[in-house]
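# Build me a model from this:
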Amino acid sequence: MTPARAFRTTSVVSVLLLLCGGLSAAPQAGEAAEHTEAQEETLPPAVTEAQEDPIGEEITPREESGTVAGDAARLPQEAQPSFDGFVNFRTLSRWAEDAGDHDQDLYGVLGMNFSTGGDRPWAGHLLVQGAWGIDSQPADSVFYGVLDSYDDAVDLRLYRAYVDVPTPDAVALAQIGRMAIYDTPETAYFDGARIETTPVGETRFIVGAYGGQSVHLFEGWPSDEWIGGLYTRLRPWVHGLLRVDWMHFNDDLRFGDGNNDLVSANVTHRLGENVRLDGRYTLLDGDGNDMRLKGLWLWPEKDLTVRVTFYRLLDAQQNLAFELNPFFNILNTYYPYEQTQVVVSKGFGETVELYGGWNSRRVSNEDNIGRYNREFDRYYLNAVFPDLLPHHTTWSVTGEVWDSPDNDVQTWGQDFTTVWGDQVKTSFGTYYSLYKYLFDVNDERDNVRTYYAEVRKKVSKALDLKARYEYEDESLDSFHSIRLGVTWRF
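A predicted model of the protein is given here:
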């Protein structure tokens, strides 16, 4: 196994563990903000545009927010020509107190969008990242990561480069290039083409197709791997939405059979104005793969929201196509588990906001509990007091209980965020992680207390500055990190 192959799972592991594992998913101001900002700045192709659709007046296929197709369908009939983008530079410096290791990396991201305007415009999208491992790390360093596994210190990644092609009335969307589709059962990331029809009839029936060469960013060689799929979506009843997908994966560079077929059925139903239910079931090569149930209840008059999610992995994830089991190179088989999450939020005017929840994870067979596949129960209550202190300072405090086979922990976290005029915002605080994953170095740490301080300055409408310091205290060592970033929008 070459270094490139061994580390290609890193970015997708981080995404899937956050979505499915939830081991450090805390609604604490500092931790949640850091996760969000990291995603926004690095723009991993499987995360940034995926959003959960709110309950609206209607559940219609083409009005969904946060999807490329939905955004394209809402373009004005006579759109004006446009060009915009951003440039982001950031540095990451880290050092370990006891081990004495240190690491410094520099990243740059360029994103651009353009449109020719008119009623049938051409539009283009580009996203590219460059990374420089300033001081290369040996294999035994605690900071040895992806950049250190390559021969060259500088690494370039083309995340996105595709064109929206003008279409006839019967076609809502046609795209060519390097793209990611987020509303498929598994993220489809490929160099190829996509097409989707315009909604037809009272059921708003649409059909879509896509396909091309698979994109695996951490593979160091061209391949014949490819991905393709078909989907249909319709509104079979007034308050319902049905989507059926078929995806085919060909991953011929993996050991064993990398040809897999995934079929998914997803049903959404709205009860009244404020309740939505979702259910999804998938088949992998003809056998049950996973299932997910979600419920959302909004009570606007009481400023109350309740979310319930249940997920179950039905079958062990063996040596499948990369998109289906990116864990394999690190963990080999990923064993079945189930996870339940309940989140309740309640506002009390402008003085207090409460967030409480329960997160439970169980591995189907206790013999399969291990690294990245844990069992735990987590209970938490987070209270936010907006503008409680001078200078528009918001105080957030969290109490939580972790109950796992190896640890029973009662802990806390808090955050102070101050807005200084219109241009500067500062935050400092602390949070606890029973399991904290360092995806860039493929490491898991237990019982980590993190302290942080952050400052942001909006220099102008186009220019933002950010600095963040973190201190991580755990039993084996203590770690420091400093992140400096600048973003220019044009």
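# With only the CA atoms kept, save stretch 401-410 in PDB.
What follows is stretch 401-410 as a C-alpha-only set of coordinates in PDB (Å, rounded to 0.1, in the frame of the first residue of the first chain):
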ATOM      1  CA  VAL A 401     -22.700  13.400  31.100                       C
ATOM      2  CA  TRP A 402     -20.800  10.700  29.100                       C
ATOM      3  CA  ASP A 403     -21.600   7.100  29.900                       C
ATOM      4  CA  SER A 404     -19.500   4.500  28.100                       C
ATOM      5  CA  PRO A 405     -18.100   1.000  28.800                       C
ATOM      6  CA  ASP A 406     -14.700   2.500  29.600                       C
ATOM      7  CA  ASN A 407     -15.600   6.000  30.900                       C
ATOM      8  CA  ASP A 408     -18.300   7.600  33.100                       C
ATOM      9  CA  VAL A 409     -17.700  11.300  32.900                       C
ATOM     10  CA  GLN A 410     -19.500  14.400  34.100                       C
END
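# got the contact list for that stretch?
The set of residues external to stretch 401-410 that reach it, using C-beta atoms under 8 Å, 6 or more residues apart in numbering, is 369, 374-380, 399-400, 411, 432, 434, 446-447. Every residue, glycine included, has its C-beta placed from N, CA and C.
# Which two among those residues are spaced furthest apart?
369 and 399 (26.5 Å; C-beta to C-beta).
# Please indicate which of the contacts of stretch 401-410 are buried?
369, 374, 376, 378, 379, 380, 400, 411, 432, 434, 447 (16 or more other C-beta atoms under 10 Å).
# What distance do you get for the residue lying closest to the fourth one once chain neighbours are set aside to residue 104?
By the measure of C-beta to C-beta, 6 or more residues apart in numbering, the closest residue to residue 378 outside its immediate chain neighbours is residue 359, 4.4 Å from it. Separation of residue 359 from residue 104 (C-beta to C-beta, to the nearest Å): 35 Å.
# who's more crowded, the two?
residue 359 (21 against 15; other C-beta atoms under 10 Å).
# buried residues in the helix or strand harbouring the more buried one?
Secondary structure assignment for residue 359, by DSSP states H and E: strand 352-363. Neighbour counts over strand 352-363 (16+ other C-beta under 10 Å) mark 353, 355, 356, 357, 359, 360, 361, 362, 363 as buried.
# Can you add distance to residue 466 and pLDDT and give those back as JSON lines?
As requested, the buried residues of strand 352-363 are exported to JSON lines (distance: C-beta to C-beta, whole Å; pLDDT from 0 to 100):
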{"residue": "353", "distance to residue 466": "25", "pLDDT": "96"}
{"residue": "355", "distance to residue 466": "25", "pLDDT": "97"}
{"residue": "356", "distance to residue 466": "30", "pLDDT": "97"}
{"residue": "357", "distance to residue 466": "29", "pLDDT": "97"}
{"residue": "359", "distance to residue 466": "29", "pLDDT": "95"}
{"residue": "360", "distance to residue 466": "35", "pLDDT": "95"}
{"residue": "361", "distance to residue 466": "33", "pLDDT": "93"}
{"residue": "362", "distance to residue 466": "39", "pLDDT": "92"}
{"residue": "363", "distance to residue 466": "38", "pLDDT": "90"}
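# Where strands are concerned, which of the contacts of stretch 401-410 count?
If you go by DSSP state E, the contacts of stretch 401-410 have 376, 377, 378, 379, 380, 399, 400, 411, 432, 434, 446, 447 in strands.
# Residues in a beta bridge with the second one, which ones?
It stands for residue 377. residue 360, residue 403 (DSSP bridges).
# Report the contact partners of it.
So residue 377 contacts 358, 359, 360, 361, 401, 402, 403, 404 (C-beta under 8 Å, 6+ apart).
# How far off centre is stretch 209-225?
Centroid separation for stretch 209-225 versus its chain: 20 Å, with C-alpha atoms, centre = their mean, to the nearest Å.
# Any buried residues in that stretch, and which?
Going by neighbour count (16+ other C-beta under 10 Å), the buried part of stretch 209-225 is 210, 211, 212, 213, 214, 215, 216, 217, 218, 219, 225.
# so where does residue 155 fall, helix or strand?
In this assignment (DSSP H and E), residue 155 forms part of strand 154-164.
# I figured the residue nearest to residue 378 hits residue 310, correct?
No: counting by C-beta atoms under 8 Å, residue 359 stays clear of residue 310, with 11.5 Å between them.
# list residues touching both of these two?
339, 340, 341.
# What are the neighbouring residues in contact with residue 280?
Here residue 280 is in contact with 185, 264, 265, 266, 267, 291, 292, 293 (criterion: C-beta under 8 Å, 6+ apart).
# Just the buried ones from those?
Here, 16+ other C-beta under 10 Å leaves 185, 264, 266, 292 buried among those.
# what is the rounded mean pLDDT of stretch 411-424?
Average pLDDT, stretch 411-424: 93.
# First-to-last residue distance for stretch 366-379?
22 Å (C-alpha to C-alpha, to the nearest Å).
# Distance from it to the middle of the chain?
Its chain's average C-alpha position is 21 Å from that of stretch 366-379, according to C-alpha atoms, centre = their mean.
# show me where pLDDT drops low in this structure?
Where the chain drops to pLDDT under 70, the residues are 1-78, 220-223, 253-257, 327, 329-331, 368, 370-372, 435-445.
# which residue ranges form the helices in it?
3-7, 10-16, 29-42, 68-73, 328-331 (DSSP state H).
# Switch the ones in strands among the contacts of stretch 401-410 over to TSV; also include distance to residue 345.
TSV is the format used below for the ones in strands among the contacts of stretch 401-410 (distance: C-beta to C-beta, whole Å):
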residue	distance to residue 345
376	22
377	20
378	17
379	15
380	12
399	16
400	16
411	21
432	21
434	23
446	29
447	28
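# correct me, but residue 454 touches residue 424?
No: assessed by C-beta under 8 Å, residue 454 is found out of contact with residue 424, at 11.2 Å.
# The two - which one has more neighbours?
Between residue 454 and residue 424, counting by other C-beta under 10 Å, residue 454 is the more crowded of the two (21 against 13).
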